[in-house]
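A.B. asks: below is the structure, and that's it, no one-letter string:
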Ligand SMILES: Cc1cc2nc3c(=O)[nH]c(=O)nc-3n(C[C@H](O)[C@H](O)[C@H](O)COP(=O)(O)OP(=O)(O)OC[C@H]3O[C@@H](n4cnc5c(N)ncnc54)[C@H](O)[C@@H]3O)c2cc1C
């Protein structure tokens, strides 16, 4: 137990007044928790049994324990050296999904976006069909303001519940957050526990058909099924990152096992043996080349976690 995170979690386990019911892992490789299939180990990884167990776990951690929240890992690049703290893994754990009013859906952070979208259409509620194609959790969608085909997550948020590092739960309104394109700023030291999404009454079967159509469009234009993080860069105002990357002649460019997709230039694929360093180097190269050739500095959408050389 020499890693800071292991020590911290040992303290959490020993000091918890109520026994922990979640799953605790030490030195857990994060490769299998990310859609790029890269990333070194987390000193500790905790999969809470439910929200009370999570609050209990957090309350037992030292106040300065480095924490990272992970959903489906579809928008993170975790360094090959890993994360020297505690990862809270919500996917499939904080999984309550229910109606709280005729047009209000309540989803905890670990619910898959696709599950929430289908749950809504089955109840003749429309507006979040776009979530069906986003391979993430509700927590990740809230943190990123995930969106597609003109829709985005925060347009539907009525209220969120957050939790802080001491395990205290807060109820917050959208006004407590600054929400932008693939970017959300909120109260420091709080993470998403759940959201209440307000939807419209509509034609459920038509919405289900729209989901199928949107998924077909994705399959036709994106390298779905290959390890990626979706779009690496935000689209600059009035343009598309993919167009700029292609115009810079970077389609299919490779560094190590990382490659710019030949199908969609804003996707970087792990061809099999990429390291996080390969992917980071390719992102940096694409950013520099696009700036050199077009004058546009692309902003990465993907979050880098852990230590990278730049
Ligand atoms: C094939 C493919 C297609 C994609 N298409 C789209 C698309 O169309 N539109 C789009 O917006 N995105 C898209 N993405 C990116 C990604 O799926 C979304 O950003 C998604 O919202 C990430 O959710 P996640 O649960 O995987 O988050 P993660 O990748 O696990 O985490 C992303 C960030 O959110 C934070 N986070 C996660 N959970 C919480 C929480 N509970 N509280 C606070 N912070 C949290 C993490 O700490 C991290 O900073 C795509 C990705 C792939 C692989």
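C.D. replies: Happy to help now that I have it. All values reported here derive from a predicted model rather than from experimental measurement.
A.B. asks: list the residues that contact the closest residue to residue 134 other than its chain neighbours.
C.D. replies: Nearest residue to residue 134, sequence neighbours excluded (C-beta to C-beta, 6 or more residues apart in numbering): residue 113, at 4.6 Å. (Each C-beta comes from the backbone N, C-alpha and C, glycine too.) Listed by C-beta atoms under 8 Å, 6 or more residues apart in numbering, the contact partners of residue 113 are 131-132, 134-138, 140-141, 146.
A.B. asks: from residue 298, how far off is the nearest residue in space to residue 41 that is not next to it in sequence?
C.D. replies: Distances taken as C-beta to C-beta, 6+ apart place residue 82 nearest to residue 41, at 4.2 Å, with adjacent residues excluded. For residue 82, the distance to residue 298 equals 27 Å [C-beta to C-beta, to the nearest Å].
A.B. asks: likewise for residue 116?
C.D. replies: As judged by C-beta to C-beta, residue 116 and residue 298 stand 30 Å apart.
A.B. asks: residue 161 too?
C.D. replies: With C-beta to C-beta as the criterion, residue 161 and residue 298 are 34 Å apart.
A.B. asks: tell me which of those two has more neighbours.
C.D. replies: Neighbours per residue, other C-beta atoms under 10 Å: of residue 161 and residue 298, the larger number sits with residue 298, 23 against 18.
A.B. asks: so who does that one touch?
C.D. replies: For residue 298, the contact set (C-beta under 8 Å, 6+ apart) comprises 233-234, 236, 241, 244-245, 286-287, 290-291.
A.B. asks: out of those, which comes closest to residue 175?
C.D. replies: Residue 175 has its nearest neighbour among those in residue 234, at 23.8 Å by C-beta to C-beta.
A.B. asks: which bits of the stretch 51-200 of the chain sit near the ligand?
C.D. replies: Residues of the stretch 51-200 of the chain lying close to the ligand (C-beta under 6 Å from any ligand atom) are 68-76, 90, 109, 133-137, 139-141, 143-144, 146-148, 182, 191-192.
A.B. asks: of these, buried ones?
C.D. replies: 68-76, 90, 109, 133-137, 139-141, 143-144, 146-148, 182, 191-192 (16 or more other C-beta atoms under 10 Å).
A.B. asks: in strands, which of these fall?
C.D. replies: 68-70, 76, 147-148, 191-192 (DSSP state E).
A.B. asks: next up, the contacts around residue 165.
C.D. replies: With C-beta under 8 Å, 6+ apart, residue 165 has these contacts: 58, 61, 63, 65, 67, 189.
A.B. asks: tell me where the model's unsure across the stretch 201-310 of the chain.
C.D. replies: Low-confidence segments of the stretch 201-310 of the chain, defined by pLDDT under 70: 310.
A.B. asks: how about the helices of it, start to end?
C.D. replies: Taking DSSP state H, counting those that start in this stretch as the criterion, the stretch 201-310 of the chain carries its helices at 204-221, 241-247, 276-294.
A.B. asks: in the longest one, what's buried?
C.D. replies: Spelled out, it's helix 276-294. Result for helix 276-294 [16+ other C-beta under 10 Å]: buried residues 276-283, 286-287, 289-290, 294.
A.B. asks: run the chain-centre distance for it.
C.D. replies: Offset of helix 276-294 from its chain centre (C-alpha atoms, centre = their mean, to the nearest Å): 22 Å.
A.B. asks: give me the contact list for it.
C.D. replies: In contact with helix 276-294 (C-beta under 8 Å, 6+ apart) are residues 36, 38-40, 77-80, 232-233, 241, 244-245, 247-250, 253-260, 268, 270, 296-298, 300, 302, 304, 306, 308-310.
A.B. asks: narrow the residues you listed to those that are buried.
C.D. replies: Here, 16+ other C-beta under 10 Å leaves 36, 38-40, 77-80, 232-233, 241, 244-245, 248, 250, 253, 255, 257-260, 268, 270, 296, 298, 300, 302, 304, 306, 308 buried among those.
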